[in-house]
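S.K.: Fold the stuff below for me.
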Amino acid sequence: MTLSYMRNCAVAIAMSVMAPSLYAQTDSIKADTLCLSHPALVKISVGTFRGAPAQSAELETQMLMGTPVQVDTIIGEWNRVALPEEGGNVWVNESALQLLTPEQMDAWKQSERYMVIWTMPVYMTTNPKEPHPGNIVTDLVFGDVLEAVICDKNCKKHVKSDYIKVKTPSGRVGYVESKYMIPLTDWISREPDVDSILAYAEVMMGTPYLWGGTSSKMVDCSGFTSICYMVGGGIRLPRNSRQQATTGIDVDFSNLTNIQRGDLIFFTNPETGNINHVGMAMGDNKIIHASGEVKVNSLDPAAPDYINRPIKCVRRVLGYLGGKAQKYADLPVYFNR
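M.R.: Reported below is the predicted structural model:
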């Protein structure tokens, strides 16, 4: 099936597909109008995904470079991405995605790749010996995934042992300092570690809040817990706080000493009773969360930095994976499983 055919087929879909929410069910569009199923990779450092095919539509979530997705509809310059785990879909401008054939996706999943783990801004450059703004290929954030470029004899002279030659999903080639990345195989084989998860959480202190944000540039509350569990623990959490509250096991928070480091603490809107916020326990009755910015507050009502929100529940994910919280090593996301 050619891309032009897929575009023509997708354009025939009524514009009523402008779903207002990330969690609009895919059955709002009849199955026979879904004209394609196309693998793709996010090709920019942070891709923004919206509730409808328009720049003015609400930001629903973000995805990092090298995240595999499945495109099921194309309308003009907008691609609709299915989110089967969340039971919905989102829209992203074509400038953020690299469409692949199934064969290309399989090859990418078998290639040598690296994940950015440095928490400060990282830059991919065309010449590691002369780093300056004119040599920047792209910025990178932690969690981005790039494919290694196997050097031949003509490029070895340009490579130092402290740089790795990589390429983006769109094929742009450059160099990144090796201390900023780890092999994707090393990341995915690590056992979940609360110290690593909280270390990533703490270095994000001060990161501005953005509804729908899931990167070290800007985050919302559930995006913050998701990215820390992902990079620090190799664990995939659901995207929003209500779904995250279904993971792991319940913790009795009537005594705050029952709460352990890394536990997810969920707060409620007192008017509706619905979960509307999540943070991570740090120990000593402290919680780190994204509210205005990433910051630390106390669960102790007597503390001056008390987080004055009613707790709905506390969930322990580490050691109790399953359901919607799983290790990436067990999922066919970055590797064929």
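S.K.: Please enumerate the helices of the stretch 101-250 of the chain.
M.R.: Per DSSP state H, counting those that start in this stretch, the stretch 101-250 of the chain carries helices over the ranges 102-110, 184-189, 194-203, 221-233, 241-244.
S.K.: Please enumerate the strands of the stretch 201-337 of the chain.
M.R.: Assigned by DSSP state E, counting those that start in this stretch, the stretch 201-337 of the chain shows strands spanning 235-236, 249-250, 264-268, 275-283, 286-291, 293-298, 311-316, 326-327.
S.K.: need those in TSV with mean pLDDT, distance to Leu140 and mean neighbour count, can you?
M.R.: C-beta: built from backbone N, CA, C; applies to glycine. As requested, those are exported to TSV (pLDDT from 0 to 100; distance: least, C-beta to C-beta, whole Å; neighbours: other C-beta atoms under 10 Å):
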stretch	mean pLDDT	distance to Leu140	mean neighbour count
strand 235-236	96	21	20
strand 249-250	97	36	12
strand 264-268	97	27	23
strand 275-283	97	24	22
strand 286-291	98	21	22
strand 293-298	98	19	18
strand 311-316	97	31	19
strand 326-327	94	24	16
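S.K.: Including distance to Pro304, could these go into CSV?
M.R.: What follows is those, written out as CSV (distance: least, C-beta to C-beta, whole Å):
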stretch, distance to Pro304
strand 235-236, 33
strand 249-250, 30
strand 264-268, 19
strand 275-283, 17
strand 286-291, 13
strand 293-298, 8
strand 311-316, 19
strand 326-327, 39
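S.K.: so which of the ones you listed comes closest to Gln110?
M.R.: strand 326-327 (19.7 Å; C-beta to C-beta).
S.K.: quick one: contacts of that closest one?
M.R.: Around strand 326-327, the neighbours that count as contacts under C-beta atoms under 8 Å, 6 or more residues apart in numbering are 192, 234-236, 321.
S.K.: partners of that strand, with directions?
M.R.: If you go by DSSP bridges, strand 326-327 pairs up with strand 235-236 (antiparallel).
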